[in-house]
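> Fold the following, please.
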Amino acid sequence: MSANDQWQIFTELDLQGESEQIKLAGFLESMIREFSTINDRKASTQALESADDDFDEDRAEDVYASAAPKTLALSRGSSFLGLESGDLMNYGPLPKGPISPDTAINIIEVYRRGGKLSLKSVKKILRDVYKKLKTVGNVVHASTPEGRGKLHVIGDLHGQLQDLLHIFDDAGNPSPSNKFIFNGDFVDRGPCSVEIIMILFSAYLAYPDAVYLNRGNHEDHVICCQPPPPHGCGGFQRECKDKYDDLTFSMVVEVFRYLPIVHTIDHKVFVVHGGLFGRNGVSIKDIEDIDRLDYNPAPPPEPEPTSPEEERAQDLRQIMRDCLWSDPKASPGVEFNNTRRQGQLFGPNVTAEFLNDNNLLMVVRSHECVKFGFDRPYHDAPHLLATVFSASGYSGSNNLGAYLSFRHSVSPGDKYFKVGEPALLVADSYLDSSSELFFSVNDYSVADATDSLENTNKISLRALILRKRREILAEFEFRDTTKSGKISTGLWGESMCKATSLMINWVDLLPLLDVSFDADGLIDYAQFMSELRANSALLNKADDSESLFNAMYEPLNPAHTHMISTFNIINEATTYLRLSSSPCPLSYKSSPPTESLFNAMYANRATLEVIFNFFDTNGDGTISKSEFRHGCEVLNSKLPTDQRVSDPDALLKMMDIDGNDGIDLNEFFEVFRLVDALDGKMDGQFDILKAT
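Numbering: from 1, shown residues only. Model (predicted):
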């Protein structure tokens with residue numbers, strides 16, 4: 001199989017993972033509204049609006065020495081001369097007053113050395129950036145520096161700190177002649193999202209005319225609340241809680257609500273995270289009119305508007321979703337983005353019309369991992385739109401990262417594009433024109449290529465098959481009209497496409513998945529599934545996980561049959577709310593490669609973990625009796641009458657295996673596993689009626 005084919009498989013798997021976020025988002029939004037102690041907007045707003053001296057952190061670790069912090073004006077790559085190592089792990093408090101360029105550079109260097117900001121320092125930055133963003137509109141107009149100055153556009157970083165540090169090392173620190181637009185998706189997936197937003201927020205404050213921030217689809221509460229890889233596509237909430245506390249997370253996501261949606265460069269280039277729109281005639285004024293606080297990535301169906309004002313509000317809300325979620329397509333026209341389940345797929349004619357209507361020349365967007373970090377997807381009109389993605393080695397893909405540098409001048413030997421024109425040019429002499437705008441592509445890789453893309457895909461595909469095995473077996477049986485237990489390779493491929501919703505050439509993957517067939521070219525599909533599970537078990541044995549893996553198949557102890565009703569509540573709730581069980585299939589590169597295979601056995605892991613976190617309102621790792629009662633009240637408000645929980649205390653007692661009047665995460669998952677094992681398929685689904 002060619003490298004291009006492998007890349008296409010990776011892309012399809014990645015987009016499928018993104019679509020699962022939307023499946024969860026509507027439910028999470030309702031849970032967030034109900035569980036006010038998890039996202040107490042009043043508390044986070046109060047913390048953000050307080051003055052530094054008025055806010056009491058009330059934390060033992062937030063007691064600082066009275067000595068003033070050292071002020072270090074460090075150039076890139078320089079070291080901390082005279083800074084004690086202890087300061088690195090709890091750096092702060094920051095100087096009073098506005099964040100200065102020296103302070104912003106110090107913060108970069110703290111993280112470069114593996115340090116950590118103190119809680120008080122983090123909250124000062126959040127308060128300052130919150131107050132500044134509240135004064136900024138939805139659309140910000142940035143200008144390219146004159147002469148040899150540059151304006152850089154940075155794509156998705158997704159918590160990969162080393163990419164951001166490389167960009168500053170390569171492009172230089174911000175200044176009036178060296179500007180930056182960071183085009184969203186700063187957080188989730190990678191392990192250093194907190195560090196990235198602290199660097200970006202402090203730089204934004206220190207260089208108000210040189211650093212600009214756009215909102216991405218991941219700068220959203222309900223996306224950040226989802227589990228990290230390999231169980232989901234989020235992780236920022238957990239990272240905030242691990243490094244600081246829940247209030248810090250609530251403060252950050254409140255700040256996210258105020259991020260601008262769009263930037264323009266010299267009123268010629270339209271910079272947006274996702275893309276364009278589902279209707280014609282959208283103007284810059286429309287985007288400026290959006291109430292960006294009134295945003296939900298997965299809203300329930302809206303009623304027919306009864307007034308022009310309601311119709312306008314609905315239209316603007318969808319425009320914002322399109323800004324954050326849309327993708328370009330090579331063919332003309334526009335259609336709903338079914339792959340992501342939000343936003344649009346828009347063609348070159350749609351882009352050309354939007355640019356013409358708004359007197360612009362080019363769209364720059366991010367949002368998609370592209371193989372070389374930069375892509376121009378419109379082959380017949382490449383000058384209309386470019387994608388830039390800055391997280392290299394993203395999710396094990398070994399892709400390059402890239403950033404774009406816009407400027408008014410070029411030097412001899414420079415390779416560059418002229419905005420509005422298709423060809424790649426090479427300068428033969430120095431050119432400086434204030435009326436022309438040029439850009440160049442800077443690509444790089446800072447990630448360790450620890451695995452091949454083929455092996456990454458192999459692991460991800462196996463995990464997907466294990467998660468979808470019930471649906472896959474049903475498709476095999478449907479196409480096996482003779483009930484022989486065997487089907488042709490063609491029918492096998494059709495079944496895989498239908499059951500997984502992954503539209504790739506599955507037949508070409510037979511060797512990759514080690515699928516065997518007989519002399520007649522027929523596949524014994526029961527043997528295929530059995531061998532896949534056996535191979536996965538062997539992989540887990542290599543990771544000392546065999547006992548855990550095998551435990552998932554052990555017969556149900558009759559003593560646990562009383563838990564059926566408990567599972568009924570969980571299963572019916574998740575089914576009714578249309579929650580998907582499939583986590584993001586691609587784990588971050590630091591995760592063990594077989595962890596996604598093991599966790600695929602819990603087909604509803606992502607859903608269950610999210611639900612557990614929202615029941616556990618105080619974040620102590622245990623669902624108390626009062627928390628469980630309140631959670632059941634929320635579920636009851638969403639469920640039909642005949643599916644509501646009538647006796648929460650009795651259910652709690654059933655789930656409380658160790659009898660301590662609380663449910664920890666292990667108990668929560670164990671109840672699900674034991675009842676799921678009753679039908680012997682371990683597929684995350686269970687027919688309650690048959691069991692009873």
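
> Look at stretch 476-496 and report the distance between its end residues.
Taking CA to CA, to the nearest Å, stretch 476-496 runs 9 Å from one end to the other.

> Which residues does it contact?
The contact list for stretch 476-496, computed with CB atoms under 8 Å, 6 or more residues apart in numbering, reads 465, 472, 475, 502, 505-507, 510, 515, 517-518, 521-526, 528. Using the backbone N, CA and C atoms, a C-beta is placed for each residue, glycine as well.

> Now that stretch: buried residues?
Phe476, Arg479, Asp480, Lys486, Ile487, Ser488, Leu491, Trp492, Gly493, Glu494, Ser495, Met496 (16 or more other CB atoms under 10 Å).

> Can you select the buried ones from the contacts of stretch 476-496 in PyMOL?
To isolate the buried members of the contacts of stretch 476-496 in PyMOL, using 16+ other CB under 10 Å:
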select buried, resi 465+472+475+502+506+510+515+517+522+523+524+525+528
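
> now, which of the contacts of stretch 476-496 lie within strands?
When the contacts of stretch 476-496 are checked against strands (DSSP state E), the matches are Leu522, Ile523, Asp524.

> What separation is there between the last one and Ser495?
As defined by CB to CB, to the nearest Å, Asp524 lies at a distance of 14 Å from Ser495.

> Likewise for the second one?
To Ser495, Ile523 is 10 Å away according to CB to CB.

> Repeat that for Tyr525.
Distance, Tyr525 to Ser495, by CB to CB: 8 Å.

> same question, Ser326
Counting by CB to CB - Ser326 and Ser495 are separated by 32 Å.

> What of Val262?
Note on Val262: its distance to Ser495, by CB to CB, is 44 Å.

> For the stretch 401-550 of the chain, which residues score under the pLDDT cut-off?
Residue ranges of the stretch 401-550 of the chain with pLDDT under 70: 447-452, 533-550.

> can you map out the helices along it?
Along the stretch 401-550 of the chain, the segments classed as helices by DSSP state H, counting those that start in this stretch run 453-467, 469-479, 489-500, 525-542, 546-551.

> and Leu88, what pLDDT?
Among the per-residue scores, Leu88 shows a pLDDT of 83.

> For it, give me its contacts.
If you count contacts by CB under 8 Å, 6+ apart, Leu88 has them with Phe80, Val110, Arg113, Gly114, Gly115, Lys116.

> and if you look at Gln318?
Contact analysis of Gln318 by CB under 8 Å, 6+ apart lists Phe277, Gly278.

> so it sits in a strand?
No: under DSSP: H, G, I helix; E, B strand; the rest coil, Gln318 falls outside any strand and is assigned helix.

> Any figure for the gap between it and Arg312?
Taking CB to CB, one finds Gln318 at 11 Å from Arg312.

> Could you do Val194 as well?
As for Val194, its distance to Arg312 is 38 Å (criterion: CB to CB).

> more neighbours, these two?
Neighbour comparison, Val194 and Arg312: the larger count goes to Val194, with 24 against 13 (by other CB atoms under 10 Å).

> Low-confidence stretches in the stretch 551-692 of the chain?
Per-residue confidence for the stretch 551-692 of the chain (pLDDT under 70) gives these ranges: 551-610, 638-640, 642-645, 651, 654-659, 669-692.

> What sits closest to Val255 if chain neighbours are left out?
Tyr130 (5.0 Å; CB to CB, 6 or more residues apart in numbering).

> so where does the one you found fall, helix or strand?
According to DSSP states H and E, Tyr130 maps onto helix 119-133.

> could you point out which element follows that helix?
Helices and strands here follow DSSP H and E; after helix 119-133, the next one along the chain is strand 139-142.

> which outside residues touch the following helix or strand past that next one?
For strand 139-142, the succeeding helix or strand toward the C-terminus, using DSSP H and E, is strand 150-154. Residues outside strand 150-154 that contact it (CB under 8 Å, 6+ apart): 142-145, 164, 167, 171, 177-183, 265, 271, 364, 388, 390, 403-407.

> CA atoms only for strand 150-154, dumped as CSV, please.
C-alpha atoms of strand 150-154 as CSV (Å, rounded to 0.1, in the frame of the first residue of the first chain):
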residue,chain,number,x,y,z
LYS,A,150,7.0,39.7,8.9
LEU,A,151,3.7,38.5,10.1
HIS,A,152,3.6,34.7,10.8
VAL,A,153,0.4,32.6,10.9
ILE,A,154,0.6,29.5,13.1
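
> Assign a three-state SS to Ala43, would you?
Secondary structure, three-state DSSP: Ala43 is helix.

> So what would you say the end-to-end distance of stretch 648-664 is?
As for stretch 648-664, its first-to-last residue distance stands at 16 Å under the measure CA to CA.

> what's around Ser516, how many residues?
If we define neighbours as other CB under 10 Å, then Ser516 has 10 of them.

> Give me the phi and psi angles of it.
With angles defined as degrees, to the nearest 10, Ser516 sits at phi -100, psi 150.

> the strands in the stretch 151-300 of the chain, which residues?
Along the stretch 151-300 of the chain, the segments classed as strands by DSSP state E, counting those that start in this stretch run 178-182, 211-213, 262-265, 269-272.

> now those strands as JSON lines including mean pLDDT, distance to Asn296 and mean neighbour count?
Shown next, in JSON lines, are the strands of the stretch 151-300 of the chain (pLDDT from 0 to 100; distance: least, CB to CB, whole Å; neighbours: other CB atoms under 10 Å):
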{"stretch": "strand 178-182", "mean pLDDT": "98", "distance to Asn296": "24", "mean neighbour count": "25"}
{"stretch": "strand 211-213", "mean pLDDT": "98", "distance to Asn296": "21", "mean neighbour count": "24"}
{"stretch": "strand 262-265", "mean pLDDT": "98", "distance to Asn296": "19", "mean neighbour count": "22"}
{"stretch": "strand 269-272", "mean pLDDT": "98", "distance to Asn296": "19", "mean neighbour count": "26"}
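
> Would you mind listing where the stretch 1-150 of the chain has pLDDT under the threshold?
For the stretch 1-150 of the chain, the stretches with pLDDT under 70 are 1-3, 5, 7, 9-10, 12-41, 52-87.

> That one: helices as residue ranges?
With DSSP H, counting those that start in this stretch, the ranges of helices along the stretch 1-150 of the chain come out as 3-34, 41-49, 85-88, 101-112, 119-133.

> for the last one, packing partners?
Helix 119-133 makes packing contacts with helix 41-49, helix 193-206, helix 246-256 when contacts are defined by 3 or more CB pairs under 8 Å, 6 or more residues apart in numbering; DSSP states H and E.
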